[in-house]
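>>> Below is the sequence, then the predicted model.
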Amino acid sequence: MPMIREEDFGTEASGAPSDDYCTHCYQGGAYTWPGASIDEMAAFGGAILSRMYEIPPERATAFVREQLSCLKRWAGREVAACGSCGMPLARDEDAGTEADGSRSAEYCVYCYRDGAFTEPDLTREEAVRKYAPMMAADLEMPLEGAEEMVRQHLSTLPRWRE
Ligand SMILES: [Zn+2]
């Protein structure tokens, strides 16, 4: 779940907001649903997403499952995501390249090559307009909803954060 507003954040045992988990997953320092499998979580998250953004339930669930599979709780390790487009850097070949040819730890191969952004002048709004139609087609959802989702997601990434 994106965590934007104060009420989106889960809570630690102290009552402080959690840095890592949302209010649906984490309350008072513990998972709300400790025995959940990734498929149960995907169905749960998918139902919320489906209602919020008018996405067919099975598409929403598949999307959430894909996202979950990259999260620490489910992947068993921290999978880095591209700081420009959010793509998970799950495999070596997903990572962009630095000027010396080494792999970037921060950006994907589509956004970053030879130590520079492939589209250095891209603005956040241009990125929204570029990614949203792909997302709308992929999730069979209205374009306006996809733009909102992409805009919200990009605003959490290092390249676009203000
Ligand atoms: Zn990227």
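Nice, I can see it.
>>> list the contacts for the residue nearest to residue 55 when sequence neighbours are not counted?
The shortest distance from residue 55 to any non-neighbouring residue, by Cβ to Cβ, 6 or more residues apart in numbering, is to residue 141 (4.4 Å). No exception for glycine: its C-beta is placed from N, CA and C like everyone else's. Applying Cβ atoms under 8 Å, 6 or more residues apart in numbering to residue 141 gives the contacts 53-55, 59, 135.
>>> doesn't residue 104 fall inside a helix?
No - looking at residue 104 with DSSP: H, G, I helix; E, B strand; the rest coil, it is strand, so not inside a helix.
>>> Can you pull the phi/psi pair for the residue lying closest to it once chain neighbours are set aside?
Nearest non-adjacent residue to residue 104, counting by Cβ to Cβ, 6+ apart: residue 96, 4.1 Å away. Torsion angles at residue 96 (phi, psi; degrees, to the nearest 10) stand at phi -70, psi -180.
>>> my guess is residue 96 meets residue 107, correct?
Yes - judged on Cβ atoms under 8 Å, residue 96 makes contact with residue 107 at a distance of 4.3 Å.
>>> CA atoms of the helix or strand of the chain with the lowest mean pLDDT as CSV?
Least confident helix or strand, the chain: helix 72-75 with a mean of 86, by mean pLDDT, DSSP states H and E. This file holds the C-alpha atoms of helix 72-75, laid out as CSV (Å, rounded to 0.1, in the frame of the first residue of the first chain):
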residue,chain,number,x,y,z
LYS,A,72,11.2,-7.9,2.4
ARG,A,73,8.5,-9.9,4.2
TRP,A,74,8.0,-12.2,1.2
ALA,A,75,11.3,-12.0,-0.7
